[in-house]
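In: predicted coordinates and the sequence they were generated for:
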Amino acid sequence: MLNLFKKASEIIGKYLINALKGFAMGAANVVPGVSGGTIALITGIFGKLIGCLNDLMTPSKWKSIDWGFLISLAAGLIISIFSLAKLITVCLDRYPVLTWAFFFGLILVSAGLMLKDIKGWKIRDVIITIIGIAIGVVVCTLSPSETTDARWFIFLCGVLAICSMILPGISGSFILVILGKYDYIMAAITELDIPVLIVFAIGCGVGILAFAKILHWLLGKYERSTMLVLIGFVIGSLVKVWPWQGLAPGADLHIPGAIICCVAGIALLLVIEFLSKRSR
């Protein structure tokens, strides 16, 4: 009886730890600039997570999948997203400049850290990065601040966001910012807008099933070029999160507070990167 109790405690403890890791990933996924993939790296589950996602697309491998790991991780992630979305929605509504300044610092240092990891630069690498920057600027400049709320677009947002959420250094929430749907999805989570959430969740599911394997192959075959384009894209996309974008003339710029929030964002991501390196 004692052994049975001990074994049950170990299983519950293991799943609880997985749920806490999922909670940390969820917290990262609701903040533009912090990648859930990076948190997965820090907590030592990135390889296992990618392996499980790849196995999900092969029915013959379903029996070998650690379903307890996936379910407990997903539970923690979902709880985190729903509990933190309200806080971020309130911050964006009441303190938009300060909140976007915090996000700007996160994204800026995220791009810098990814650049630092690229060794042995060549002319070709510089050109690829510049192309990525140009794509980011063009996409963010041409993309309207208000995008359609049509279900097909929400579905597309889910597809694109989930792919970036599993990549270290690339934030799924940032993709939603670029697509003009970050505030919308956060509000849908806060207000429990079930129809929108179902369409978004279906898009996420399709994105994982359709693109996780493609991304895995792309990073395996052309990792350097892929990462350079992504880094360039993130740098170019900073125009989308400029804290003072769209402010009315004469509005309070909150410059001292914005600087403090930006530095706080930078410091937070540097701490995350330090923990990630220790984990690796």
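Out: Arrived safely, thanks for sending. Residues are numbered from 1 along each chain as shown.
In: hang on, L70 packs against C52?
Out: Yes. Look at L70 against C52 with Cβ atoms under 8 Å: they come within range, at 5.6 Å. For every residue, glycine as well, the C-beta is placed using N, CA and C.
In: quick one: contacts of stretch 235-249?
Out: With Cβ atoms under 8 Å, 6 or more residues apart in numbering as the contact definition, stretch 235-249 has outside contacts at 32, 96-98, 100-101, 103-104, 107-108, 111, 129, 132-141, 143, 145, 174, 177-178, 253, 258, 262.
In: now, those residues that are in strands?
Out: Assigned to strands by DSSP state E, none of the contacts of stretch 235-249 qualify.
In: are any of those residues buried, and if so which?
Out: 32, 96-98, 100-101, 103-104, 107-108, 111, 129, 132-133, 136-137, 139-140, 174, 177-178, 258, 262 (16 or more other Cβ atoms under 10 Å).
In: which element is L230 on?
Out: helix 194-236 (DSSP states H and E).
In: which ones are touching D183?
Out: By Cβ under 8 Å, 6+ apart, the residues touching D183 are 89, 92.
In: orientation of the helix or strand containing it relative to helix 194-236 in degrees?
Out: Secondary structure assignment for D183, by DSSP H and E: helix 182-190. Here helix 182-190 points in a direction 150 degrees away from that of helix 194-236 (axes from the mean of the first three to the mean of the last three Cα atoms, to 10 degrees).
In: in helix 182-190, what counts as buried?
Out: Buried residues in helix 182-190, counted by 16+ other Cβ under 10 Å: 182, 184-190.
In: show me which of those is closest to D66.
Out: The closest of the buried residues of helix 182-190 to D66 turns out to be I189 (Cβ to Cβ; 27.5 Å).
In: and the gap between the closest one and I154?
Out: 12 Å (Cβ to Cβ, to the nearest Å).
In: now the helices for this protein?
Out: Using DSSP state H, the helices of the chain run over 2-29, 36-42, 46-56, 67-94, 96-116, 123-142, 151-165, 172-178, 182-190, 194-236, 255-279.
In: could I get those helices as JSON lines with distance to Q245 and mean pLDDT?
Out: Shown next, in JSON lines, are those (distance: least, Cβ to Cβ, whole Å; pLDDT from 0 to 100):
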{"stretch": "helix 2-29", "distance to Q245": "23", "mean pLDDT": "72"}
{"stretch": "helix 36-42", "distance to Q245": "26", "mean pLDDT": "71"}
{"stretch": "helix 46-56", "distance to Q245": "33", "mean pLDDT": "77"}
{"stretch": "helix 67-94", "distance to Q245": "13", "mean pLDDT": "86"}
{"stretch": "helix 96-116", "distance to Q245": "8", "mean pLDDT": "84"}
{"stretch": "helix 123-142", "distance to Q245": "10", "mean pLDDT": "86"}
{"stretch": "helix 151-165", "distance to Q245": "20", "mean pLDDT": "85"}
{"stretch": "helix 172-178", "distance to Q245": "11", "mean pLDDT": "82"}
{"stretch": "helix 182-190", "distance to Q245": "13", "mean pLDDT": "89"}
{"stretch": "helix 194-236", "distance to Q245": "15", "mean pLDDT": "81"}
{"stretch": "helix 255-279", "distance to Q245": "12", "mean pLDDT": "82"}
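In: redo those helices as TSV? Include distance to G246.
Out: What follows is the helices of the chain, written out as TSV (distance: least, Cβ to Cβ, whole Å):
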stretch	distance to G246
helix 2-29	25
helix 36-42	28
helix 46-56	36
helix 67-94	13
helix 96-116	9
helix 123-142	13
helix 151-165	21
helix 172-178	13
helix 182-190	12
helix 194-236	19
helix 255-279	15
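In: and for L268, nearest residue in space, chain neighbours not counted?
Out: The shortest distance from L268 to any non-neighbouring residue, by Cβ to Cβ, 6 or more residues apart in numbering, is to L106 (6.8 Å).
In: surely the one you found touches P32?
Out: Yes. Contact between L106 and P32 holds when scored by Cβ under 8 Å: they sit 6.9 Å apart.
In: which neighbours do these two have in common?
Out: Common neighbours of L106 and P32, counting by Cβ under 8 Å, 6+ apart, are S171.
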